[in-house]
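**Student:** Got a sequence here, can you build the structure:
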Amino acid sequence: MRGEAIDDWYWDSERAIKLVEAQSGITLTVRQLQAWHHRKAIVASRRGRNNKRFYDFRGIRQLCIVARLINFGLPPNRIRSAIQGV
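**Tutor:** Down below sits the predicted model:
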């Protein structure tokens, strides 16, 4: 990974969930990631084999923010509008 910027890294859904949990202490599910992807709230950066989703650094950051907002009890429509600016 030497010489690569963090913007060039990608994490699959399972790894993204673990990173969000480590960062925010909140556990997300693959189903939540799928729902957000379909609603275009947080879209995966790339898709691999078998439609596996991969998230870049920006996507991980958005997931952490969304996890915290959900934990605070913000309704989904407010979360969606808040995350679009990040």
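
**Student:** Can I get stretch 66-74 in CSV, CA atoms only?
**Tutor:** Taking Å, rounded to 0.1, in the frame of the first residue of the first chain, the C-alpha atoms of stretch 66-74 are listed here in CSV:
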residue,chain,number,x,y,z
VAL,A,66,-25.3,7.8,9.2
ALA,A,67,-24.7,5.3,11.9
ARG,A,68,-24.4,8.0,14.5
LEU,A,69,-27.4,9.9,13.2
ILE,A,70,-29.5,6.8,13.4
ASN,A,71,-28.2,6.2,17.0
PHE,A,72,-29.4,9.8,17.8
GLY,A,73,-32.8,8.9,16.5
LEU,A,74,-32.9,11.1,13.4
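
**Student:** what's next to it, contact-wise?
**Tutor:** Stretch 66-74 is contacted from outside by 20, 24, 26, 28, 36, 41-42, 78-79, 82-83, using C-beta atoms under 8 Å, 6 or more residues apart in numbering. Backbone N, C-alpha and C define where each C-beta goes, glycine included.

**Student:** which of these are buried?
**Tutor:** Buried by 16 or more other C-beta atoms under 10 Å: 20, 24, 26, 28, 36, 41-42, 79, 83, out of these.

**Student:** Now go through those and say which are in helices.
**Tutor:** 20, 24, 36, 79, 83 (DSSP state H).

**Student:** for the chain, longest helix please?
**Tutor:** The helix spanning the most residues in the chain, taking DSSP H as the definition, is helix 57-72.

**Student:** Serialize the ones in helices among the buried ones among the contacts of stretch 66-74 to JSON lines and add fields for distance to residue 53 and pLDDT.
**Tutor:** Formatted as JSON lines, those follow (distance: C-beta to C-beta, whole Å; pLDDT from 0 to 100):
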{"residue": "20", "distance to residue 53": "14", "pLDDT": "93"}
{"residue": "24", "distance to residue 53": "19", "pLDDT": "87"}
{"residue": "36", "distance to residue 53": "10", "pLDDT": "84"}
{"residue": "79", "distance to residue 53": "19", "pLDDT": "81"}
{"residue": "83", "distance to residue 53": "17", "pLDDT": "76"}
